[in-house]
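> My questions concern the predicted model and sequence given below.
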Amino acid sequence: MKKSFCLLIASLLLSSTLLHAKGENEVEVDICIYGGTSAGIIAGYTAAKYGKSVIVVESGSTLGGLTTGGLGATDIGNKYAITGLARNFYRRIGAHYSKLEQWTFEPHVAMKVFQQYIDEVQLDIRTEKQLSKVLTEKGRIKQIVLQSPASSDKLTVKAKVFIDCSYEGDLMAKSGVSYTVGRESNATYGETYNGVQLLDIHQFADGIDPYVKRGKPESGLLWGISQESVQVNGSADNKVQAYNFRLTLTKDKNNKIGFTKPDNYDPNQFELLLRVIENEKWPSIHSKLRTEKLADGSLVRYHTGGFLIKNMPNGKTDFNNFGAFSTDMIGANYDYPEADYEKRREIYKKHENYTKGLLYFLSHEPRVPEHLRKEMGEWGFCKDEFLKTSGFSDQLYIREARRMVGRTVMTQKHCEGESVVQDGIGMAAYQMDSHNCQRIVVNGMVKNEGDVQVEVGQPYPISYAAITPKKQECENLLVPVCLSASHIAFGSIRMEPVFMVLSQSAAVAAVHAIDAMKSVQEIDVSKLQLELNKNPLADGALPELLIDNADLSPVDIIGDWTSANYGYGKDRLISGRQNVSASVKFRPNIGKRKQGFEIFTYIANDDQLADTLHYTVFDGAKMHSRQIQPKEIIRLGDSSGEWVSLGTYTLIGNESPYVQISATEGKHVVADAILFKKVN
């Protein structure tokens, strides 16, 4: 047995050596995934769990995309929308921090969790493999050829189904699939927030001079200001919302790497920032809402400070763009979506130098007010993050690049619930969000253009037809990241957890297409939806029981409760305060079996909560009382709410167990979601 195994290994190694000598390796699998992003890893794991041979190829050297690249304060919108392995990812992150779930985390912890997925299925991942050719035949991708940037080595991959999980959509584009770059006009899909949008969001105050010498247009424009004039509101263009880096910084002196002067440092890039600081009289680099009384007695509210700083565990923070002038390098990315790898690297380096220059400028430039220099100087990169790049993120935030034009285009109408798809294979819930696209002169003043932030209300489904091309263009390709959506709808969908949800759906769809010997467009979507619901972790385990207050059949609402936004699901219930007999019962359907569960209640952040929340757990035989003091809930980093354990119980199914939340006179009590997590 051992001898045969050794001979087999020797044969494989010899074969590999001969192929390498030819300058080309060949791999044939069921499913090929292009892009080692968070979506790519989840798609690969899913396909492998379903017994398919799979390979993940990544053009760069790192895995996990933005989830491991500094976006530690997860943009969600509503946790209810995040299902399946995406939810499991944040559960695994929680396990690292000894919690049920954790949505703000250190980058190296995210990589540790992704490595768990990779190791569990021995996922074949090849990094530094740049896409060179895509060979198609009769509307199907037959094979792709990848080039190693540091050598002449090539890798040819043949597969039955391909999934493009890259942020750029290179595989999609080279496959001949229709796509777009930039902003459609409002008229294209009957929208109101697409195209050119000159709004007062992350905007310069009136009166900030754009010229090198104030008041003298002949002196030229300050760095970063375009000579273009603003176009008609809602009109189309090919401009792309700004990119930046999500920075993991710390004040911990034992873990801090101070800011140093970067390559090609150019302080002229930040002259406009000095005028912003002067105009807004920044009290801090941290974004803050200020109220100012004008001469006529009216009040004006505005934000100052240049960074949105969100806390993460272990004294680290996620620094993001904020305000008129910040980490977004507006206008520097227009060529990126269609650029080759060398050009993209140049654009990446410009963003890196700009970002490092901004941090150095604010912490060292004598013209920056002393209190701001001192504050910025307290921060630094983390010694224990991004070890290969001295603490600086190795992932540029590609907020938007190419977008497929597929069988269904997700639009503002879907985001706002005006149109609802029936073939949903995942949900989105974040606001329609576009960062600024250009910096221009309007009426002699500098202005940003393109920033839109509009709430979507409730989580909404994303169409399966939006991740599949038109059948005549390609029958064996799925695109869960650069999916088919208008610019403004993509701004709501483009969140890392949603990409993970859609990539799991894409992988299961690929399995169905292979098993049924059909195109990805021809599979039975109702069967796909059923499979995703009954097998959310792709391992055959029964789904957990999660009951939201909006799930009417297993929820009994007694007394005076009102609905309010910003809970776990679509909303939350707030007690009527004066009705002490008011209560909400959550009844799990566990059939007739006797089963152990750890029970959790979701408690959204709310400054008006009662000092003590009262719960009753009926296990089918006896009552158990449980009290929770909200002030004692431990939060690691910024959080919109937390799951809190009510304890572990053995529930007797045929005796109708339940969890009851009771109101308290004169106090603010919230009934939201209850989770029943099976225990052995």
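That came through, no problem.
> which residue ranges form the helices in this protein?
With helices called from DSSP state H, the chain shows them at 2-22, 38-49, 84-96, 107-120, 170-174, 186-189, 271-280, 341-364, 370-377, 412-415, 487-493, 496-516, 525-534.
> is it possible to export those to TSV including mean pLDDT and mean neighbour count?
(C-beta placed from N, C-alpha, C; glycine too.) Formatted as TSV, the helices of the chain follow (pLDDT from 0 to 100; neighbours: other C-beta atoms under 10 Å):
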stretch	mean pLDDT	mean neighbour count
helix 2-22	36	10
helix 38-49	98	29
helix 84-96	97	21
helix 107-120	98	18
helix 170-174	98	24
helix 186-189	98	18
helix 271-280	96	19
helix 341-364	98	18
helix 370-377	98	16
helix 412-415	98	24
helix 487-493	98	27
helix 496-516	98	26
helix 525-534	98	15
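> nearest to residue 596, of the ones you listed?
helix 84-96 (18.1 Å; C-beta to C-beta).
> quick one, the closest one and helix 38-49 angle?
Taking axes from the mean of the first three to the mean of the last three C-alpha atoms, to 10 degrees, one finds helix 84-96 and helix 38-49 inclined to each other by 100 degrees.
> Skipping adjacent residues, who's closest to residue 458 in space?
Setting aside the residues directly before and after it, residue 458 is nearest to residue 570 in space (C-beta to C-beta, 6 or more residues apart in numbering), at 5.1 Å.
> low-scoring stretches of this protein, by residue?
1-24, 289-294, 299-303, 576-579, 666 (pLDDT under 70).
> how is it carved up into domains?
What automatic domain parsing lists as the domains of the chain is 23-180+454-534, 247-389, 545-678.
> so of the ones you listed, which one's packed in deepest?
Most buried of the domains of the chain, by mean neighbour count (mean count of other C-beta atoms under 10 Å): domain 23-180+454-534, with a mean of 22.
> returning to what we had before: want to throw the helices of the chain into JSON lines with distance to residue 157?
Listed next are the helices of the chain as JSON lines, based on distance: least, C-beta to C-beta, whole Å:
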{"stretch": "helix 2-22", "distance to residue 157": "13"}
{"stretch": "helix 38-49", "distance to residue 157": "13"}
{"stretch": "helix 84-96", "distance to residue 157": "24"}
{"stretch": "helix 107-120", "distance to residue 157": "18"}
{"stretch": "helix 170-174", "distance to residue 157": "11"}
{"stretch": "helix 186-189", "distance to residue 157": "35"}
{"stretch": "helix 271-280", "distance to residue 157": "46"}
{"stretch": "helix 341-364", "distance to residue 157": "18"}
{"stretch": "helix 370-377", "distance to residue 157": "46"}
{"stretch": "helix 412-415", "distance to residue 157": "34"}
{"stretch": "helix 487-493", "distance to residue 157": "28"}
{"stretch": "helix 496-516", "distance to residue 157": "14"}
{"stretch": "helix 525-534", "distance to residue 157": "25"}
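> I'd like to know which of the ones you listed lies nearest to residue 608.
Closest approach to residue 608 among those (C-beta to C-beta): helix 84-96, 26.6 Å.
> and the angle for that closest one with helix 525-534?
20 degrees.
> Give the other helices and strands that helix 84-96 contacts.
helix 38-49, helix 107-120, helix 496-516 (3 or more C-beta pairs under 8 Å, 6 or more residues apart in numbering; DSSP states H and E).
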